[in-house]
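# 3D model of this:
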Amino acid sequence: IRIYQFLKQHAFPALKPLNMDKSSFDKAIREGYGMPLDDNKKEKMIAIEEPDLKELKECILETGLEIEQEMLI
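Numbers count the residues shown, from 1 in each chain. Alright, predicted model coming up:
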């Protein structure tokens, strides 16, 4: 999410998320790509304000898991 924010703010203002939604997240978790979210990352995740990815943020915080988006390619 932070990489998305950086790219949108500094390079591509019209950037839209790809495969960064609840269904993509759920599929990745079902396929075993979930990794435990450590406490440091969880604190950073809570502080993130990104309207485009609010649903993804909620999924991550609810499950306590994160995924690497590259795994979805």
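
# residue 65 contacts residue 32, correct?
No: with contact defined as CB atoms under 8 Å, residue 65 does not reach residue 32; the gap is 10.6 Å. C-betas here are computed from N, CA, C, even on glycine.

# okay, the two: which has more neighbours?
The neighbour comparison of residue 65 against residue 32 (other CB atoms under 10 Å) goes to residue 65, with 16 against 7.

# neighbouring contacts of the helix or strand encompassing residue 43?
According to DSSP states H and E, residue 43 maps onto helix 39-47. With contact meaning CB atoms under 8 Å, 6 or more residues apart in numbering, helix 39-47 is reached by 1, 2, 37, 57, 60, 61, 64, 66.

# kindly give a single ChimeraX line that selects the buried subset of these.
The buried subset of the contacts of helix 39-47, as determined by 16 or more other CB atoms under 10 Å, is captured in ChimeraX by this line:
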select :1,37,57,60,66
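
# from the contacts of helix 39-47, which land in strands?
Judged by DSSP state E, the subset of the contacts of helix 39-47 located in strands is residue 66.

# and which of the contacts of helix 39-47 is nearest residue 14?
For these, the residue nearest residue 14 by CB to CB is residue 1; the value is 17.7 Å.

# any idea how far the nearest residue in space to that closest one that is not next to it in sequence lies from residue 42?
Closest residue to residue 1 apart from its sequence neighbours, by CB to CB, 6 or more residues apart in numbering: residue 53 at 5.2 Å. Counting by CB to CB, to the nearest Å, the separation of residue 53 from residue 42 is 16 Å.

# again, but for residue 48
Distance of residue 48 to residue 42, given as CB to CB: 11 Å.

# next one: residue 21
Where residue 42 is concerned, residue 21 sits at a distance of 20 Å (CB to CB).

# alright, that wraps it up for me.
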